[in-house]
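# could you look at this predicted model? Sequence included:
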Amino acid sequence: MNRKECRKLIVVHRRLKGEETYWLQDGKACVSVYDPEDLLFTEDEEQNRCLVTVDRKELLSFQNAVSAWGMEALREWGTESIAFLLEAEKRKLSELDQIAVWTKLCTNRQLEDVYGQELRCRLAVWLSEQEKNKELNAFLRTLSKEQIAEKDRLCMARLMILHGFYDKAYEWLAGQCFCKLEPAELMRLCSRLLAKESHLEEKRLMLLCAQAALNGKYDDRILQYLADAYEGSCSELEVLLQAAKNFEIDIWKINRKLLVQLLFTGQDVTERMDLLRDYISAGGSPELEEAFLYRCAYANVILKQPIHRYMVQMILRLCRWGAKVSRLCKIAALQYYAKNKGLLEEKNRGQVAKIVRELFEENCLLPVLQQFADLVPEVWEILDKTFVVYEGEPEKQLVLNYRRVEGELAEAQYHEMELPCVCDGIYAAGFILFPGERLQYYITVSERPEENFGKWHVACTGGSCRGNAGQVRKAL
């Protein structure tokens with residue numbers, strides 16, 4: 001380059017920070033420029049710069065430079081030129097040690113940040129593919145998070161897991177969508193961290209373990225950790241509970257969590273005797289058992305679902321122990337034995353009689369008590385009564401509007417009386433009807449007088465009339 005007024009040649013490389021300065025001698029300089037996007041400037045004594053447009057044909061091509069230098073020069077001088085190394089990496093020059101080229105580039109502070117991040121990721125992947133485990137371990141050991149682009153950190157974390165850098169991989173997964181990792185990789189990471197008792201109190205480790213286990217990859221450490229501390233949906237807890245049973249680990253805590261969640265979300269628990277049995281066999285707690293029993297009793301008495309015999313026996317057992325048992329549970333037990341008299345064992349007859357007597361003394365008078373007059377003589381007092389029973393929402397003030405009918409003659413006016421709530425959601429009142437008399441009635445909610453619940457009903461002597469909960473009829 002013949003530019004006598006210029007003293008320096010400045011080279012700005014696309015993939016390097018800063019710039020390189022070459023002194024011109026007789027207007028000439030030998031520079032390392034291989035990338036067409038690199039820029040050249042001349043600089044005079046007053047530091048004025050001028051962009052140099054160079055015909056690339058005037059420049060020594062990379063391949064010609066390689067041929068001209070020879071192997072010895074490449075290893076000595078060529079590897080000292082950062083521009084040459086960049087081009088050698090780009091072209092995968094076989095004459096050079098690829099690991100040495102990458103290592104020099106990755107540790108060079110002149111390298112532009114974004115390109116350097118991409119280059120380090122490529123180096124790690126290449127070392128893994130070439131099974132250069134020793135070199136890869138050394139590289140991963142010194143690698144910092146800032147040296148890798150955000151989009152490539154998950155890939156680096158995967159390599160760290162495979163090569164035993166578990167704590168470092170866990171740190172790198174912070175803020176990443178770890179669902180992109182294979183469940184087997186997550187299992188390996190989580191199991192090793194649990195074995196070292198690292199990060200046990202962190203929510204992130206819990207989520208990683210759950211991600212692996214719920215996708216079918218787990219071991220006894222992961223399952224025990226999740227069984228003790230994981231808070232998930234009912235379906236997730238079901239999956240973990242079944243897996244934990246197969247490993248024969250302690251399932252008491254996860255069993256309890258699943259029972260609580262089923263009850264809290266209002267799901268049907270009447271068919272989950274297996275959960276209750278397992279829970280009780282491991283110790284259980286009276287409060288949760290009572291809540292479970294109450295839900296089953298409600299499903300039986302109010303929703304007309306069948307009740308399991310195990311539940312009935314459990315209700316009697318708790319009553320025998322003097323535990324607090326709700327009225328609804330007692331009523332469910334009585335209704336079961338009223339329909340299945342042949343299943344009432346001699347050892348339970350005394351406890352059933354005690355329940356009947358307690359309900360009678362508490363003025364919880366219902367038709368089911370009439371079925372046990374042979375056990376409790378006091379019940380004979382209500383054998384001649386006809387009951388109107390309504391089952392609906394608790395804590396409502398219901399009004400029974402009724403009149404007596406004999407033959408074709410009916411009272412002109414309806415009488416009103418408050419329908420007492422004898423148990424949660426169960427309202428009942430008894431009437432003595434003489435032969436030939438019937439009872440015609442409808443039920444209203446006093447706080448909403450414009451709506452009536454139920455249809456017209458006729459009660460026959462000695463029968464039991466039950467309202468139709470859930471049907472609404474406008475005021476008659």
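Perfect, thanks for sending it. Fair warning: this is a prediction, and the values are worked out from it, not measured in the lab.

# so residue 439 is in contact with residue 430, correct?
No: counting by Cβ atoms under 8 Å, residue 439 sits too far from residue 430 to count as a contact (10.7 Å). For the C-beta atoms, the positions are set from N, CA and C on the backbone; glycine is no exception.

# out of these two, which sits in the busier spot?
Higher neighbour count among residue 439 and residue 430: residue 439, with 20 against 15, using other Cβ atoms under 10 Å.

# for that one, give me the pLDDT.
Note on residue 439: pLDDT of 88.

# pairing partners for the strand or helix carrying it, with directions?
Assigned by DSSP states H and E, residue 439 belongs to strand 437-445. Under the criterion DSSP bridges, strand 437-445 sits next to strand 398-406 (antiparallel), strand 451-460 (antiparallel) in its sheet.

# least confident of the ones you listed, on average?
strand 451-460 (a mean of 42).

# what mean pLDDT does stretch 212-230 have?
Mean per-residue pLDDT for stretch 212-230: 93.

# if you count neighbours, what's buried in that stretch?
212-214, 217-219, 221-227, 229-230 (16 or more other Cβ atoms under 10 Å).

# same check, this time on stretch 349-360
Going by neighbour count (16+ other Cβ under 10 Å), the buried part of stretch 349-360 is 352, 354-357, 359-360.

# in this structure residue 15 contacts residue 117, no?
No: the criterion here is Cβ under 8 Å, and residue 15 misses it with residue 117 at 11.7 Å.

# regarding residue 332, what is its secondary structure?
Here residue 332 is recorded as helix under DSSP: H, G, I helix; E, B strand; the rest coil.

# how about it: what's its closest non-neighbour residue?
In space, and not counting its chain neighbours, residue 332 is closest to residue 297: 3.8 Å by Cβ to Cβ, 6 or more residues apart in numbering.

# overlap of the contact sets of residue 439 and residue 430?
386, 388 (Cβ atoms under 8 Å, 6 or more residues apart in numbering).

# which stretches of the stretch 1-150 of the chain form helices?
62-76, 82-91, 98-107, 113-129, 133-142 (DSSP state H, counting those that start in this stretch).

# SS state for the residue nearest the centre of the chain?
Computing the C-alpha centroid of the chain and ranking residues by Cα atoms, centre = their mean puts residue 232 first, at 3.9 Å. Secondary structure, three-state DSSP: residue 232 is coil.

# that one contacts residue 207, correct?
No: in this structure, residue 232 is not within contact of residue 207 by Cβ under 8 Å, at 9.9 Å.

# before we move on, back to that, show the contacting residues for the residue nearest to residue 332.
Neighbouring residues of residue 297 by Cβ under 8 Å, 6+ apart: 307, 311, 315, 326, 328-329, 331-332.

# again with residue 218
187, 209, 212, 226, 243.

# doesn't it belong to a helix?
No: counting by three-state DSSP, residue 218 is located in no helix; its state is coil.

# give me phi/psi at it?
Backbone torsions for residue 218, taken as degrees, to the nearest 10, come to phi -160, psi 170.

# give me the neighbour count for the residue lying closest to residue 251 once chain neighbours are set aside.
Nearest residue to residue 251, sequence neighbours excluded (Cβ to Cβ, 6+ apart): residue 244, at 4.8 Å. When neighbours are defined as other Cβ under 10 Å, residue 244 has 23 of them.

# give me the pLDDT value at the residue nearest to residue 431 when sequence neighbours are not counted.
With sequence-adjacent residues excluded and distances taken as Cβ to Cβ, 6+ apart, residue 431 is closest to residue 386, at 5.2 Å. According to the prediction, residue 386 has pLDDT 89.

# residue 386 in helix, strand or coil?
With three-state DSSP as the criterion, residue 386 reads strand.

# burial measure for it, as a count.
By other Cβ under 10 Å, 20 other residues sit near residue 386.

# tell me how many other residues crowd residue 270.
Residue 270: 18 neighbours (other Cβ under 10 Å).

# do residue 21 as well
Neighbours of residue 21 (other Cβ under 10 Å): 13.

# what's the answer for residue 131, then?
If you count neighbours by other Cβ under 10 Å, residue 131 ends up with 9.

# and it, how close does it get to residue 163?
Distance, residue 131 to residue 163, by Cβ to Cβ, to the nearest Å: 11 Å.

# since we're on residue 210, how many residues are nearby?
Residues near residue 210, counting by other Cβ under 10 Å: 22.

# oh, that last question was meant for residue 320, not what I typed.
The burial count for residue 320: 14, using other Cβ under 10 Å.

# which residues touch the closest residue to it other than its chain neighbours?
Counting by Cβ to Cβ, 6+ apart, residue 351 is the residue found nearest to residue 320 once chain neighbours are left out, at 5.5 Å. The contact partners of residue 351, taken as Cβ under 8 Å, 6+ apart, are 316, 319-320.

# out of the residues you listed, list just those in helices.
Members of the contacts of residue 351 lying in helices (criterion: DSSP state H): 316, 319-320.

# make TSV from those residues and add pLDDT and distance to residue 281 to it.
Output for the ones in helices among the contacts of residue 351, formatted as TSV (pLDDT from 0 to 100; distance: Cβ to Cβ, whole Å):
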residue	pLDDT	distance to residue 281
316	91	19
319	89	21
320	88	19
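
# between these, which is nearest residue 339?
residue 316 (15.8 Å; Cβ to Cβ).

# ok, the closest one touching residue 350?
No: applying Cβ under 8 Å, one finds residue 316 not in contact with residue 350, separated by 9.9 Å.

# where do the helices sit along the stretch 301-450 of the chain?
Using DSSP H, counting those that start in this stretch, helices in the stretch 301-450 of the chain cover 309-321, 327-339, 346-361.

# turn these into CSV, columns for distance to residue 147.
Below are the helices of the stretch 301-450 of the chain laid out as CSV (distance: least, Cβ to Cβ, whole Å):
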stretch, distance to residue 147
helix 309-321, 62
helix 327-339, 65
helix 346-361, 74
